[in-house]
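**Q** below are the sequence and a predicted model for it; my questions follow.
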Amino acid sequence: MKRATVHDTFVIDRTFSFARELVFAAWASPEAKARWFAGGNGWEERSRELDFRVGGHERVRGRKRDGRISTFNAHYYDIVPNERIVYAYEMYLDDARISVSVATVEFKEHQQGSLLVITEQGVFLDEFDDARGREHGTRILIDQLELALQRS
């Protein structure tokens, strides 16, 4: 295995036609988050835990189409209702840690609803992933969030 360490940051801004309280609520309960925070086509959920509080954790495991198991393992450091969430998380493919990141999610009022700003600072390990791939995946998750809000 080739060892590598790459540090990178990305920012995603997304405007929603929903009040920031509704957008925040989609992150705060296990039922609401399960409606949108999931892998893409062919991904099969194996387990999900969400303890949404400062000091709490979140863990989502699933099987990818190619058979590998992906694991998202997060710890919440700061939660200000309807304003921000700060958490750190690790991503794994099978037993290999592929990244460690700090993410800040900000919920802002906007003239047509709300503005979501996600800033992620990560270290991507051993060429398993990179910031562009993670940003792409996060954009897909935010698309899924918007669809879940529309269905509610």
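**A** Done, it's in.

**Q** mind listing the strands in the chain by residue range?
**A** 5-16, 44-50, 57-63, 69-80, 84-93, 96-110, 113-125 (DSSP state E).

**Q** now those strands in a markdown table, with distance to G137, mean pLDDT and mean neighbour count?
**A** The C-beta positions use only the backbone N, C-alpha and C, and glycine is treated the same way. What follows is the strands of the chain, written out as a markdown table (distance: least, C-beta to C-beta, whole Å; pLDDT from 0 to 100; neighbours: other C-beta atoms under 10 Å):
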| stretch | distance to G137 | mean pLDDT | mean neighbour count |
| --- | --- | --- | --- |
| strand 5-16 | 11 | 95 | 14 |
| strand 44-50 | 16 | 97 | 13 |
| strand 57-63 | 13 | 98 | 17 |
| strand 69-80 | 10 | 97 | 16 |
| strand 84-93 | 10 | 97 | 18 |
| strand 96-110 | 11 | 96 | 17 |
| strand 113-125 | 11 | 96 | 18 |
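
**Q** distance to L147 added to the ones you listed, as TSV?
**A** Below are the strands of the chain laid out as TSV (distance: least, C-beta to C-beta, whole Å):
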stretch	distance to L147
strand 5-16	11
strand 44-50	17
strand 57-63	18
strand 69-80	20
strand 84-93	20
strand 96-110	18
strand 113-125	14
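
**Q** what packs against the longest helix seen in the chain?
**A** With residue count as the measure and DSSP state H as the assignment, the chain has helix 131-151 as its longest helix. Applying 3 or more C-beta pairs under 8 Å, 6 or more residues apart in numbering; DSSP states H and E, one finds that helix 131-151 makes contact with strand 5-16, helix 20-28, strand 113-125.

**Q** what sits up against the longest one?
**A** Defining contact as C-beta atoms under 8 Å, 6 or more residues apart in numbering, one finds that strand 113-125 is touched by 4-20, 22-23, 97-109, 130-131, 134-135, 138, 142.
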